[in-house]
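Colleague: what would the 3D arrangement of this be:
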Amino acid sequence: MRVAALIVAAGRGERAGGRIPKQYISLLGRPVLSWSVRALAGAGVDEIVVAIAPEHAALAAAALENGPAVRIIHGGAARTASVRAGLAVIERADIILVHDAARPGLSAQIVHSLVATIKSGAAGAAPALPVADALRRADAEGHVIAELDHDGLMRVQTPQAFRAAALQAAYDALPENATFRDDLAVARAHGMECVLVQGDARLMKITYPEDIALIERLLSGSRVTCVGTGIDAHRFGPGDHLTLCGVRIAHDKGLMGHSDADAGWHALVDAILGALGEGDIGAHFPPSDPRWKGADSERFLRHAAKLAADVGARIEHVDVTLICEKPKIGPHREAMRARTAEVLGLPISRVSIKATTTERMGFLGREEGLAAHATATVDRPD
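Modeller: Residues are numbered from 1 along each chain as shown. Next comes the predicted model:
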């Protein structure tokens, strides 16, 4: 039997509190949406359709880049409308799975269980977990007004699976502007017999900001915190400015180097690479390579950040110390913090930039050059 899946990803995801909708935020180095796509493809689903909001086209393209093949369509303002749009384009399916993009903890085991349940004769099926907590109904002020018996109550998850023809008939029978919380409700309104199968705690839905940390713990397995260090130094030479931590500073000298000689970011790149066990900046961007002559060090820092993301690591905090007599770093410190935070995608509170001198000792004290020391704290899979 041919199996298709529709991922509903057209919501705004505002309650999760991020700068972008929750289905596109990074979860252990990968966009939330990509987790479900990879899980469905890995379980052998024949066709995957993703319903998105039109204004999120660029976010969706980035989230799905280099992943399994999917068909992207425009969803509706409500979930029911998005499912209608998906059903209209799915071809030759015998079984259809409908899944919420905000549930990234999908496993092949859940997919196989649902498909097997439909093949055995059920018209519809969904994963679910029993409600363990005591339940109370409260008024708007939080006063308890009723006791509820939780015996037999279940927390229903997605994906929800259906015989394709039956699900299409259920949606065809709906009034044009009807809205339902999920597809199980649509199926039951049409008289379909549906069953529940064993769910998975990892299939929790991302709704609020605190859910991100919880689901990361559920999905990440064993992790370790690593600290890397980096040191860099450049000689002063002719020029009227220098660049430190991404900020151009007017000065009566420049810094000599194959790239832009940004010692602060060079040291930070080495610190991140060190925490990842990925060698040093020279191994990734050899000075002998003419491509990096005069290059903006932002490219190097973004490369290090991507290496971390690709292995599911998170850069938690960075600290850069600039060592020089001149220029004075204080007036530029906040701009440096802001630029570094922007490139690494960190809150500025997790970026430290500071400066010191050598009390006129050595080549730094003689103003022959400038040095930097950096540390990076990285949370990564063990």
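
Colleague: any chance of the backbone angles for Ala313?
Modeller: Dihedral angles of Ala313 (phi, psi; degrees, to the nearest 10) stand at phi -90, psi 150.

Colleague: give me the nearest residue to it, chain neighbours excluded.
Modeller: When the adjacent residues along the chain are set aside, Ala313 lies closest to Arg380, with 3.6 Å between them (C-beta to C-beta, 6 or more residues apart in numbering). From N, CA and C alone the C-beta is placed, and that goes for glycine too.

Colleague: same deal with Gly105?
Modeller: Counting by C-beta to C-beta, 6+ apart, Gly105 lies nearest to Arg202, which is 3.3 Å off, once chain neighbours are set aside.

Colleague: part of a strand, is the one you found?
Modeller: No: applying DSSP: H, G, I helix; E, B strand; the rest coil, one finds Arg202 to be helix, outside a strand.

Colleague: what's the burial count for Val186?
Modeller: For Val186, the tally of surrounding residues (other C-beta atoms under 10 Å) stands at 26.

Colleague: ok so it is a strand residue?
Modeller: No: using three-state DSSP, the secondary structure at Val186 is helix, not a strand.

Colleague: tell me the contacts of it?
Modeller: Applying C-beta atoms under 8 Å, 6 or more residues apart in numbering, we find Val186 in contact with Thr80, Val83, Leu167, Ala170, Tyr171, Leu174, Phe180.

Colleague: now the top strand by length along the chain: buried residues?
Modeller: Using DSSP state E, we find that the single longest strand of the chain is strand 223-237. For strand 223-237, the buried set under the neighbour-count rule, 16 or more other C-beta atoms under 10 Å, comprises Arg223, Cys226, Gly228, Gly230, Asp232, Ala233, His234, Phe236.

Colleague: report the contact partners of the last one.
Modeller: With contacts taken as C-beta under 8 Å, 6+ apart, Phe236 has the following neighbours: Lys253, Gly254, Leu255, Met256, Glu367, Glu368, Gly369, Leu370.

Colleague: again, 6 Å this time
Modeller: Contacts for Phe236 (C-beta atoms under 6 Å, 6 or more residues apart in numbering) come out as Lys253, Gly369.

Colleague: ok so, going back, can you give me the pLDDT of the residue nearest to Ala313?
Modeller: pLDDT for Arg380: 88.

Colleague: okay, and the beta partners of it?
Modeller: Val224 (DSSP bridges).

Colleague: what segments of the stretch 201-350 of the chain are strands?
Modeller: 223-237, 241-244, 247-250, 254-255, 314-323 (DSSP state E, counting those that start in this stretch).

Colleague: ok, the fourth one: who's next to it in the sheet?
Modeller: Read that as strand 254-255. Counting by DSSP bridges, strand 254-255 is paired with strand 223-237 (antiparallel).

Colleague: which one of the contacts of Val186 is nearest Leu33?
Modeller: Nearest to Leu33, judged by C-beta to C-beta, of these is Val83 at 16.6 Å.

Colleague: now for the helix or strand where the closest one lies, which elements pack on it?
Modeller: Assigned by DSSP states H and E, Val83 falls within helix 79-89. Contacts defined by 3 or more C-beta pairs under 6 Å, 6 or more residues apart in numbering; DSSP states H and E place helix 79-89 against strand 3-9, strand 47-52, helix 164-172.

Colleague: quick check: can you name the pairing partners of the helix or strand just after that helix and their directions?
Modeller: Going down the chain from helix 79-89, the next helix or strand is strand 95-100, by DSSP H and E. Here strand 95-100 is paired, per DSSP bridges, with strand 3-9 (parallel), strand 160-163 (antiparallel).

Colleague: just the CA atoms of strand 95-100, as PDB, please.
Modeller: Extracted C-alpha coordinates of strand 95-100, given in PDB (Å, rounded to 0.1, in the frame of the first residue of the first chain):
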ATOM      1  CA  ILE A  95      -2.800   5.500   3.600                       C
ATOM      2  CA  ILE A  96      -2.300   9.200   4.600                       C
ATOM      3  CA  LEU A  97      -0.500  10.300   7.800                       C
ATOM      4  CA  VAL A  98      -1.200  13.900   9.000                       C
ATOM      5  CA  HIS A  99       1.500  15.300  11.300                       C
ATOM      6  CA  ASP A 100       2.100  18.600  13.100                       C
END
